[in-house]
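1. take this sequence and fold it.
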Amino acid sequence: MTEYEFKRQSEPLLQSIVSRNRLNLDESCSWETEQQRTEIAVRMISYIKSLDLTNPGIVAPMQTRILAYVTELSEVSGNLCNTYRAYACNKNTLTCDCAVLSKTQVGFDAHFTREGNGECRLPAGSICTPPVSQGDGSAGFGIPKTELLCSGSAPCLVQASGSSCTMSKVVGEIQRIIQKEYVPLSNLMKFINEKLENGLCKCQASPAALLRLHQL
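-> Alright, predicted model coming up:
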């Protein structure tokens, strides 16, 4: 499958998925639909993590497999809680609530809480990841963009440096780490995922915010 063919087939499916992520907080939702979405997403994420991205022959089978997962997601019936804003269906109330994600879903436990403005955010001390897309606020495949995750008072920062957690900063930090410990190229993606999942970046008060608190 060519890159063009992959995009041609996947983009309409992704647009369909995004268009049905329309339910807001406290709106009625289907727990069965939520379970279906979660089960497919977990399988897809697990597959992606298992790949050896240094293998040049992996691209075509990877695209075929991912397209199959995206097709499954597009076939989940009904509207969904807006996962791009970290909403998920609450099993007890059957209404959209702030998501509680497990390690099997995103690689770490993520317990979103509702803030005063009604948005769902991760509190200070939570693990976070860098954004991987720009524009519509989504990071693709149902993962919210980082700016939508951390509380405004505790942005997503690289723990070691206190700088904003961006892909370039994460790459720089990984490069610094592997200068001290040997990491085979075939294990590099697994190594990066493990570092992110173990808290390379966390929602934490910035140095400037901490200084303002000390000045109060």
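2. in stretch 16-28, what counts as buried?
-> 17-18, 20-21, 23, 25 (16 or more other C-beta atoms under 10 Å). In short, each C-beta sits where N, CA and C put it, glycine included.
3. any chance you could list what contacts it?
-> 29, 70, 73-74, 78-84, 87, 94-98, 114, 118, 120, 136, 138, 142 (C-beta atoms under 8 Å, 6 or more residues apart in numbering).
4. just the buried ones from the residues you listed, in ChimeraX syntax?
-> The following ChimeraX line selects those of these that are buried, judged by 16+ other C-beta under 10 Å:
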select :29,70,73,74,79,80,81,82,83,84,87,95,96,97,98,120,138,142
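5. which of the contacts of stretch 16-28 fall in helices?
-> 70, 73-74 (DSSP state H).
6. got any ranges where the chain has weak pLDDT?
-> 53, 104, 106-107, 132-148, 185-186, 206-216 (pLDDT under 70).
7. quick one: the strands in it?
-> 87-89, 96-98, 100-101, 110-111, 113-114, 120-121, 156-158, 201-203 (DSSP state E).
8. of those strands, which stretch is the most buried?
-> Compared across the strands of the chain, strand 87-89 shows the largest average neighbour count, a mean of 25 (mean count of other C-beta atoms under 10 Å).
9. which strands or helices does that one pack on?
-> helix 31-50, strand 96-98 (3 or more C-beta pairs under 8 Å, 6 or more residues apart in numbering; DSSP states H and E).
10. can you tell me which of these is most buried?
-> strand 96-98 (a mean of 22).
11. which strands or helices does it pack on?
-> By 3+ C-beta pairs under 8 Å, 6+ apart, strand 96-98 packs against strand 87-89, strand 113-114.
12. thinking again about what came up before, is it possible to get TSV of the helices and strands packed on strand 87-89 that adds distance to Leu200?
-> Shown next, in TSV, are the helices and strands packed on strand 87-89 (distance: least, C-beta to C-beta, whole Å):
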stretch	distance to Leu200
helix 31-50	16
strand 96-98	24
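13. coming back round to it: redo the strands of the chain as a markdown table? Include distance to Val171.
-> Listed next are those as a markdown table, based on distance: least, C-beta to C-beta, whole Å:
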| stretch | distance to Val171 |
| --- | --- |
| strand 87-89 | 30 |
| strand 96-98 | 30 |
| strand 100-101 | 25 |
| strand 110-111 | 23 |
| strand 113-114 | 30 |
| strand 120-121 | 26 |
| strand 156-158 | 11 |
| strand 201-203 | 12 |
